[in-house]
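Enquirer: dropping a prediction and its sequence here:
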Amino acid sequence: MQLRVFGRTGMQLSVLGFGCGAVGGLMVRGDAADQERTIARAIAAGVNYFDTAVQYGDGQSEKNLGRVLQKLKPANVAVGTKVRVPPEEVGRIADAITMSLEGSLARLRLERVDILHLHNPITGTGGGSALSVRQVLDDVVPAFERLRQQGKIRFSGISALGDTTALHQVIDARAFDSAQVVYNMLNPSAAEELPINYPAQDYGRLFDSTKAAGVGVVGIRALAGGALSGSAERHPIAGAAPEPIGSAMSYDADIDRARRLLPLVEEGFAASLTEAATRFALSHPAMGTLLVGMATPQQFEDALAAVQKGPLPGAALERLFVLRQAFSGEAR
């Protein structure tokens with residue numbers, strides 16, 4: 001398993017990370033034996049980053065990950081979790097973050113986590129589920145720093161969701177060590193300019209900012225929540241079709257555009273769309289660790305096999321660029 005240096009942290013994380021989210025569902029609704037078998041297999045294959053959150057099954061993902069890691073007792077794995085400050089707690093952000101982390105540590109059976117990510121979207125003015133740039137820099141950052149000084153977290157991060165300008169401002173402030181960034185075949189804008197009137201959020205080459213700030217990148221939504229399988233079929237324990245992030249405004253539209261990328265498979269660049277999507281996300285050097293969620297042990301094996309084939313070749317990336325041009329001007 002290839003290891004990549006993770007920003008300025010000095011950590012070396014496996015290029016394939018283990019996503020414990022609710023969309024795939026294995027760590028929320030899966031069979032306990034399957035959870036243990038898949039995590040053991042991942043560790044044996046060299047995976048050393050496990051990513052969870054309070055919101056995944058209302059703590060169920062953290063509980064299950066904690067149970068399995070305590071049983072397996074692996075050496076040198078990194079665990080990341082997240083905190084989402086609810087709207088009613090914005091007047092006491094520091095207390096809300098501290099209480100949330102205490103609950104996470106108890107469920108994970110750990111004394112500290114390696115990365116704590118802010119799970120709220122970030123916008124210019126905040127409101128609703130979002131926090132403003134000022135709230136993040138003035139309230140969240142000091143709260144995270146106190147937890148670091150207390151030895152309860154090693155590094156801090158954000159989920160880079162919200163308004164593009166706000167995300168750049170927070171990353172440019174160099175107050176966080178990690179950013180979870182949307183990057184996939186339907187929306188590569190964290191790395192490159194989008195065509196005019198392209199139907200996706202433009203993240204404004206966010207990788208340029210993360211690199212300049214020494215911020216490690218955790219790749220999220222590599223499969224666009226499953227849409228980049230090209231199939232609407234979902235495994236029984238998988239979550240419902242997720243709300244799209246950064247791409248089309250509907251999951252069905254994402255699936256439709258994903259199917260229009262099938263020439264990558266038909267022309268022999270990859271054995272499947274999911275393989276192509278996984279290898280695409282690895283192709284950018286800014287990618288630190290790529291999260292792939294799963295419903296079954298076999299889906300982990302598929303992701304591992306794709307990663308072992310390495311990044312997509314240049315010819316495949318050029319073909320993908322041409323195919324994507326056709327999306328310009330379509331309704332998001």
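Expert: The structure has been received and is ready for your questions. Numbers count the residues shown, from 1 in each chain.

Enquirer: and Asn76, what does it touch?
Expert: By CB atoms under 8 Å, 6 or more residues apart in numbering, Asn76 lies in contact with Asn48. Every C-beta, even on glycine, is put in place using the N, C-alpha and C of the backbone.

Enquirer: contact partners of the one helix or strand in the chain whose mean pLDDT sits lowest?
Expert: Least confident helix or strand of the chain, by mean pLDDT, DSSP states H and E, is helix 26-29 with a mean of 93. With CB under 8 Å, 6+ apart as the test, helix 26-29 has contacts from 20-22, 34-35, 38, 52, 56-57, 60-61, 64-65, 237, 239, 293-297, 299.

Enquirer: and those residues, which of them are in helices?
Expert: For these, the ones inside helices are Asp34, Gln35, Thr38, Gln60, Ser61, Asn64, Leu65, Pro297, Gln299, with DSSP state H as the criterion.

Enquirer: export the residues you listed to CSV and tack on distance to Gly151, neighbour count and pLDDT?
Expert: Converted to CSV, the ones in helices among the contacts of helix 26-29 look like this (distance: CB to CB, whole Å; neighbours: other CB atoms under 10 Å; pLDDT from 0 to 100):
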residue, distance to Gly151, neighbour count, pLDDT
Asp34, 33, 17, 95
Gln35, 28, 20, 96
Thr38, 30, 23, 96
Gln60, 26, 18, 94
Ser61, 24, 30, 96
Asn64, 25, 25, 97
Leu65, 20, 25, 97
Pro297, 35, 19, 92
Gln299, 35, 20, 92
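
Enquirer: looking at the residues you listed, which is nearest Pro121?
Expert: Within the ones in helices among the contacts of helix 26-29, the smallest distance to Pro121 is 20.2 Å, found for Ser61 (CB to CB).

Enquirer: spit out the contact partners of the closest one.
Expert: Cys20, Gly21, Ala22, Met27, Val28, Thr52, Ala53.

Enquirer: ok, now with 7 Å
Expert: Ser61 makes contact with Cys20, Met27, Val28, Thr52, Ala53, according to CB atoms under 7 Å, 6 or more residues apart in numbering.

Enquirer: rebuild those as a markdown table, extending it with neighbour count and distance to Leu118.
Expert: Converted to a markdown table, the contacts of Ser61 look like this (neighbours: other CB atoms under 10 Å; distance: CB to CB, whole Å):
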| residue | neighbour count | distance to Leu118 |
| --- | --- | --- |
| Cys20 | 30 | 18 |
| Met27 | 29 | 21 |
| Val28 | 26 | 21 |
| Thr52 | 29 | 15 |
| Ala53 | 21 | 11 |
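
Enquirer: quick one: which of the ones in helices among the contacts of helix 26-29 is nearest Gly226?
Expert: For the ones in helices among the contacts of helix 26-29, the nearest to Gly226 is Gln299 (10.1 Å; CB to CB).

Enquirer: what number of residues lie near the closest residue to that closest one other than its chain neighbours?
Expert: In space, and not counting its chain neighbours, Gln299 is closest to Gly24: 7.0 Å by CB to CB, 6 or more residues apart in numbering. The local packing of Gly24 (other CB atoms under 10 Å) involves 28 other residues.

Enquirer: and the pLDDT for Gly24?
Expert: Note for Gly24: predicted pLDDT of 81.

Enquirer: contacts for the helix or strand where Ala143 lies next, please.
Expert: In this assignment (DSSP states H and E), Ala143 forms part of helix 141-149. Here helix 141-149 makes contact (CB under 7 Å, 6+ apart) with Ile93, Ala94, Ile97, Thr98, Leu101, Leu116, Ile153, Ser156, Ala175.

Enquirer: report the buried residues of it.
Expert: Applying a neighbour-count criterion of 16 or more other CB atoms under 10 Å, one finds Val141, Ala143, Phe144, Leu147, Arg148 buried in helix 141-149.

Enquirer: over to the residue nearest to the spatial centre of the chain: give its phi and psi.
Expert: Geometric centre of the chain, nearest residue: Ile220, 2.6 Å, by CA atoms, centre = their mean. Ile220 adopts backbone torsions of phi -120, psi 160, taken as degrees, to the nearest 10.

Enquirer: so it makes contact with Leu291?
Expert: Yes: Ile220 is within contact range of Leu291, at 5.6 Å (criterion: CB atoms under 7 Å).

Enquirer: name the helix or strand for Glu233, please.
Expert: Using DSSP H and E, no helix or strand contains Glu233.

Enquirer: quick one: it and Val292, what's the gap?
Expert: Noted for Glu233: a distance of 18 Å to Val292, by CB to CB, to the nearest Å.

Enquirer: more neighbours: which of those two?
Expert: Of the pair Glu233 and Val292, Val292 is the one with more neighbours under other CB under 10 Å, namely 26 against 7.

Enquirer: could you find the closest non-adjacent residue to that one?
Expert: Distance criterion CB to CB, 6+ apart; nearest residue to Val292, sequence neighbours excluded, is Ala303 at 4.2 Å.

Enquirer: list the contacts for the one you found?
Expert: Each residue near Ala303 by CB under 7 Å, 6+ apart is listed here: Leu16, Thr278, Val292, Met294.
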